[in-house]
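Engineer: One predicted model, sequence on top.
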Amino acid sequence: MGVVTENTVVFNELTATSPHSKESDDANVLTNIYRDDTNITVWQREMQQDLTAAVGSFLHERPTRATVLAVTPESAYQQLCEKFGASEDVMTLSKDIALLVDMFCCLFDLKQAGLRLSILEHAMCPRFHVDHIPCRLVTTYRGVGTQWLPHYAVDRTKLGAGNQGKPDEISGLFNDIADINQLTQGDVALLKGEGWNEQTGAGIVHRSPVIPAGERRLILTLDFMND
């Protein structure tokens, strides 16, 4: 039998009350983002073959760049087709993005969302950080997924300037490389930020992954927008 110390009790109390992740292959898991004990929800979806093929064609035909749009559930599909052309691969990808826009806006009662579709060759935000926003939807259509740390494993005094210029892995931000979690290609995640109601100090700590040489990443993010 293990020895129960004061530190063990404190740790157990911390993990019992700290925000956790909720993950499932059921899209309804995303609604758990409203729970006080949750700061990231992950719909572990498997991309269909036609969508995977469409993403491959989309990347092959386009340069590395980011596209930023203000979209509504009603306008997203048409705006994307107008932006990228109405080829079969664009229509397939646009339909999927429009579905996610509809889900995001419905879940948070938003009339519109800020859409960013990025083709990347290098990590966009390579250091662990928190976003000062209410919540963001993230999905990687191709490539390595976003990395994140569980709340209980983070020393938040080591974020930003607190790292004293040291790499994340040796700054003291977390203790073990095994603490790093990573989304899988196709996963749809909702990440709470510091702007969530009474979420200060508990926004999910995350970073962009290193992209292997010669590969490109296609990532979609959706953000709240004021009406």
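Structural biologist: Cool, got the structure.
Engineer: how about Leu218, secondary structure?
Structural biologist: strand (DSSP: H, G, I helix; E, B strand; the rest coil).
Engineer: which ones are touching the residue most central in space within the chain?
Structural biologist: Closest to where the C-alpha atoms of the chain average out (Cα atoms, centre = their mean) is Val138, at 3.5 Å. Applying Cβ atoms under 8 Å, 6 or more residues apart in numbering, we find Val138 in contact with Thr146, Leu183, Val188, Ala189, Leu190, Leu191, Ile219, Leu220, Thr221. No exception for glycine: its C-beta is placed from N, CA and C like everyone else's.
Engineer: cool, Gln185 as well?
Structural biologist: Gln185 touches Met47, Thr140, Tyr141, Arg142, Gly143, Val144, Gly145, counting by Cβ under 8 Å, 6+ apart.
Engineer: possible to save these as a markdown table with pLDDT?
Structural biologist: A markdown table is the format used below for these (pLDDT from 0 to 100):
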| residue | pLDDT |
| --- | --- |
| Met47 | 96 |
| Thr140 | 98 |
| Tyr141 | 98 |
| Arg142 | 97 |
| Gly143 | 96 |
| Val144 | 96 |
| Gly145 | 97 |
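Engineer: can you list contacts of the longest helix seen in the chain?
Structural biologist: Ranked by residue count, the top helix of the chain under DSSP state H comes out as helix 88-108. If you take Cβ under 8 Å, 6+ apart as the criterion, helix 88-108 is touched by 27, 30-31, 33, 50-51, 53-55, 57-58, 61, 71-73, 76-77, 80-81, 84, 110-113, 115, 117, 134-135, 137, 139, 141, 188, 220, 222, 224.
Engineer: Which of those fall in helices?
Structural biologist: Judged by DSSP H, helices contain the following of these: 50-51, 53-55, 57-58, 61, 76-77, 80-81, 84.
Engineer: how about Val202, secondary structure?
Structural biologist: Actually, residue 202 is Ala. It isn't Val. Classification of Ala202 by three-state DSSP places it in coil.
Engineer: ok now do it, which residues does it touch?
Structural biologist: Shown in contact with Ala202 (Cβ under 8 Å, 6+ apart): Ser18, Pro19, Asn39, His151, Lys192.
Engineer: Buried ones among the residues you listed?
Structural biologist: Using 16 or more other Cβ atoms under 10 Å as the burial test, these include Pro19, Asn39, His151, Lys192 as buried.
Engineer: tell me which residues form a beta bridge with Leu137?
Structural biologist: Taking DSSP bridges as the rule, Leu137 bridges to Leu190, Leu222.
Engineer: separation between it and Glu46?
Structural biologist: Counting by Cβ to Cβ, to the nearest Å, the separation of Leu137 from Glu46 is 18 Å.
Engineer: who has more neighbours, those two?
Structural biologist: Neighbour comparison, Leu137 and Glu46: the larger count goes to Leu137, with 24 against 12 (by other Cβ atoms under 10 Å).
Engineer: In this structure that one contacts Thr221, no?
Structural biologist: Yes - between Leu137 and Thr221 there is a contact at 6.6 Å, judged by Cβ atoms under 8 Å.
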